[in-house]
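> please work out how this folds:
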Amino acid sequence: SEEFILRGFQIGKWKEFDDDYQLTVTRVKPEIKSVSSPTEAKSNLDEYIDEEGAEEDGDVQATLYEYPELETIENFTTDDLFPDKAYVLHVIEYGEGGEETDRRLHVWIGEEFELPEECDGNAESFAKQVAEDTRRKFSNIGRRFGLFVEREDEESEAFLDGFKEG
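Numbering: from 1, shown residues only. This next block holds a predicted model:
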């Protein structure tokens, strides 16, 4: 039989134990897989990050969602923003060592978009609700992020920079 590594646990061999079989499972320490340079060293526990599309050192990863369904818009540009809608731009920035340095949500509100009644016309209240809905739907967003309200034709430079990555 074979041994496997699964998310930091080593799944061992079946062993006979008192006329029964038992599977050994032990916690393993992260291993360094490549050591060509200190910044390229990679842990076996971090492999899943690459599968999810984490970026190279110093890069930015951005995803655009259309509200309220929070459907992902692929290969987006600012031309995908319609004035009668709202969108969420999720941005993650990585430092020179590949570590996450910033995570933020930008809630973009089109000029013709009508805020829900429960928000009493308050864009900040709406943005908080959208952020909570987004966090519930996408667990990878986490609990700690900056939240920014973006109005059509008044977008911040940080928001527009996210479109260079989409």
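
> any weak-confidence spans in the protein?
With pLDDT under 70 as the threshold, the chain has low-confidence stretches at 1-58, 166.

> biggest helix in it by residues?
For the chain, the helix reaching the highest residue count under DSSP state H is reported as helix 123-137.

> beyond it, next helix or strand please.
strand 146-151 (DSSP states H and E).

> quick one, that next one and helix 123-137 angle?
Direction vectors for strand 146-151 and helix 123-137, defined by axes from the mean of the first three to the mean of the last three CA atoms, to 10 degrees, enclose an angle of 130 degrees.

> give me the contact list for strand 146-151.
Counting contacts by CB atoms under 8 Å, 6 or more residues apart in numbering, the residues outside strand 146-151 that touch it are 89, 102-109, 111, 123-124, 127-128, 131, 156, 158-159. Just so you know, the C-beta spots here come from the backbone N, C-alpha and C atoms, and that holds for glycine as well.

> so what pairs up with the residue nearest to D80 when sequence neighbours are not counted in the strands?
Taking CB to CB, 6 or more residues apart in numbering, and ignoring the residues beside it in sequence, D80 has I73 as its nearest neighbour in space, at 5.5 Å. Taking DSSP bridges, one obtains L64 as the residues bridged to I73.

> how far away is I73 from N122?
Counting by CB to CB, to the nearest Å, the gap from I73 to N122 is 26 Å.

> look at those two and report which has more neighbours.
A count of neighbours by other CB atoms under 10 Å puts I73 above the other of I73 and N122, at 15 against 12.

> in contact with the more buried one, which residues are there?
With contacts defined as CB under 8 Å, 6+ apart, I73 is in contact with L64, Y65, E66, D80, Y87, G166.

> compute the distance between the residue nearest to D80 and Y65, please.
Separation of I73 from Y65 (CB to CB): 7 Å.

> find residues that contact each of those two.
With contacts taken as CB under 8 Å, 6+ apart, the residues that reach both I73 and Y65 are Y87.

> the closest residue to R143 other than its chain neighbours: neighbour count?
Closest residue in space to R143, ignoring its immediate chain neighbours: R135 at 7.0 Å, by CB to CB, 6+ apart. Other residues within reach of R135 by the criterion other CB under 10 Å amount to 16.
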